Structures are given as C-alpha cells and as structure tokens.
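Chemist: Sharing a model that was predicted from the sequence below.
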Amino acid sequence: MTLLSVPDMTCGHCKASVEAALSPLPGMAPVEVDLTSRQVKVAGPAADAVNALDAIGFPAREITTN
C-alpha cells in the first residue's frame, strides 16, 4: 500500500474527486480516502497517484512509513 498526504482535500466533493481520479487507474484499487487526516491509501505506485492528483489540482506527496 502507498500512503499519500493530500492537504488540500477538505470536503466531500474533494474526496469524490480524488476517488474518481484514482479508481480508474490500473493497479490502484482499493482506494481509501480519509478526509479527516487528509490521507489516501492506494495499492499502486506513488508516482502514478501523485501525477493523477496533481492533474486535478490536488498536490500530493508520499508519506514514508516505517
């Protein structure tokens, strides 16, 4: 799993937009969006997810977990 920080995601519409951008990408499912923490978990590569989110106006970065 890849964990991303998406700090500009603030509402239900933002959450839906993020899900809509990531869900169709190959290998991303499942897409888990946590609006409270402004984090997204995806199964796919971070670079693909970050690029897709940047394209819709939601800058994202990978969160490194140990």
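Modeler: Right, received. Where do you want to start?
Chemist: what about the most centrally placed residue in the chain, which SS state?
Modeler: Geometric centre of the chain, nearest residue: Val40, 4.2 Å, by C-alpha atoms, centre = their mean. Secondary structure, DSSP: H, G, I helix; E, B strand; the rest coil: Val40 is strand.
Chemist: hey, what's the closest residue to Pro45 other than its chain neighbours bridged with?
Modeler: Computed as C-beta to C-beta, 6 or more residues apart in numbering, the closest residue to Pro45 that is not its neighbour in sequence is Thr2, at 6.8 Å. For the C-beta atoms, the positions are set from N, CA and C on the backbone; glycine is no exception. Beta-bridge pairing for Thr2 (DSSP bridges): Val42.
Chemist: Output the below-cut-off pLDDT ranges for this protein.
Modeler: For the chain, applying pLDDT under 70 flags the ranges 65-66.
Chemist: Isn't Val6 up against Ser37?
Modeler: No. With contact defined as C-beta atoms under 8 Å, Val6 does not count as touching Ser37 (9.6 Å).
Chemist: out of those two, which sits in the more crowded spot?
Modeler: More crowded of Val6 and Ser37, by other C-beta atoms under 10 Å: Val6, with 23 against 12.
Chemist: In terms of secondary structure, what does the strand or helix carrying Ala20 contact?
Modeler: Applying DSSP states H and E as the criterion places Ala20 in helix 12-22. Helices and strands touching helix 12-22, by 3 or more C-beta pairs under 8 Å, 6 or more residues apart in numbering; DSSP states H and E, are strand 32-34, strand 39-42, helix 46-55.
Chemist: Point out the most buried one among those.
Modeler: Stretch with highest mean neighbour count among the helices and strands packed on helix 12-22: strand 39-42 (a mean of 20; mean count of other C-beta atoms under 10 Å).
Chemist: Run the chain-centre distance for that one.
Modeler: In terms of C-alpha atoms, centre = their mean, to the nearest Å, the centre of strand 39-42 is set 5 Å apart from its chain centre.
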